[in-house]
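1. coordinates only, sequence not included:
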């Protein structure tokens, strides 16, 4: 959101409030849809007070046993909702398939992998340390995890997924995506959530995959997505995410 390059939203300008999702309590309202005391979530920014239209906010259901902070994490747009729609709607992951999640210990990847396991998939994660890999396998329940800093990712993928990968929940891009492209199964799907490898490059630019031909030979589908594309279906995600959080 800070990079000065074409995106789905204009970049945050120097001197502006830093954009972010936030949780807030309504203090005053001129809208019949919101009342003082309601808890809301939206792009409130890093600030103590937010003034804006009621339509830009989503009223959080209260009166249950779920901590409010969960609505910025496992039930948040840039957490559980991104993981849910990226994996199941874009990646179309199905029971019995092999799924790889890059940046597997991150806020979205960690949830995407857990959802894949809940849906009956075999899940391989990629993370940047042995401690993160232990977290991914021992606490989150992934079947395996590769430490990209100390292991040969390509060789490990060939060993862990000898029959290939069905779905890639991709957060890294660049050279990581190249290694995965070479090991995708016929008609595999790649849900392109992020490109961490090139975020700090000038203009956010970086090399594209050199194994681009695999998209043709394996008849792969790569689709980028933004979670707001699915706003009309958030209720569907919550119907599964809330019971998972509670359990």
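-> Yep, it's here. In this text, all values refer to a predicted model and were calculated from it rather than measured experimentally.

2. ok, which stretches of the protein are helices?
-> Using DSSP state H, the helices of the chain run over 82-85, 109-118, 130-134, 153-160, 174-181, 214-217, 234-246.

3. what's the offset of the third one from the middle of its chain?
-> Yep, that's helix 130-134 we're talking about. Here helix 130-134 is found 19 Å from its chain centre; the criterion is Cα atoms, centre = their mean, to the nearest Å.

4. quick one: contacts of that helix?
-> Contacts of helix 130-134 from elsewhere in the structure, counted by Cβ atoms under 8 Å, 6 or more residues apart in numbering, are 104, 105, 125, 127, 145, 146, 147, 150. Any C-beta I mention is one placed from the backbone N, CA and C, and that applies to glycine too.

5. for the fourth one, same thing?
-> For helix 153-160, the external contacting residues (Cβ under 8 Å, 6+ apart) are 100, 124, 126, 144, 146, 165, 176, 179, 180, 182, 183.

6. pLDDT below threshold where in the chain?
-> The model of the chain has pLDDT under 70 over residues 63, 203-204.

7. Pull out the buried positions in the longest strand seen in it.
-> Longest strand in the chain by number of residues (criterion: DSSP state E): strand 184-192. Along strand 184-192, these residues count as buried under the neighbour rule (16 or more other Cβ atoms under 10 Å): 184, 185, 188, 189, 190, 191, 192.

8. Next: stretch 149-167.
-> 153, 154, 156, 157, 160, 161, 165, 166, 167.

9. Residue 90 and residue 222 touch, don't they?
-> No - the pair residue 90 / residue 222 is not scored as a contact, 9.6 Å apart, by Cβ atoms under 8 Å.

10. Give me the common contacts of the two.
-> residue 189.

11. out of those two, which sits in the busier spot?
-> Counted by other Cβ atoms under 10 Å, residue 90 and residue 222 do not tie: residue 90 has more neighbours, with 22 against 18.

12. separation between that one and residue 224?
-> Plainly put, residue 90 is 8 Å away from residue 224 if you go by Cβ to Cβ, to the nearest Å.

13. Tell me the one of the buried residues of strand 184-192 nearest residue 19?
-> The closest of the buried residues of strand 184-192 to residue 19 turns out to be residue 192 (Cβ to Cβ; 21.5 Å).

14. thinking again about what came up before, may I see the buried residues of stretch 149-167 arranged in JSON lines, with distance to residue 214 as well?
-> Below are the buried residues of stretch 149-167 laid out as JSON lines (distance: Cβ to Cβ, whole Å):
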{"residue": "153", "distance to residue 214": "16"}
{"residue": "154", "distance to residue 214": "13"}
{"residue": "156", "distance to residue 214": "18"}
{"residue": "157", "distance to residue 214": "13"}
{"residue": "160", "distance to residue 214": "19"}
{"residue": "161", "distance to residue 214": "15"}
{"residue": "165", "distance to residue 214": "11"}
{"residue": "166", "distance to residue 214": "14"}
{"residue": "167", "distance to residue 214": "15"}
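
15. Out of the residues you listed, which comes closest to residue 197?
-> The closest of these, once distances to residue 197 are taken by Cβ to Cβ, is residue 153, at 12.4 Å.

16. correct me, but residue 194 touches residue 174?
-> No - Residue 194 lies out of contact with residue 174 (Cβ under 8 Å); the separation is 11.2 Å.

17. Tell me which residues touch the residue nearest the centre of the chain, please.
-> Centrality entry for the chain: nearest residue to the mean C-alpha point is residue 108, 3.6 Å, by Cα atoms, centre = their mean. Residues near residue 108 by Cβ under 8 Å, 6+ apart: 78, 79, 82, 83, 86, 171, 193, 194.
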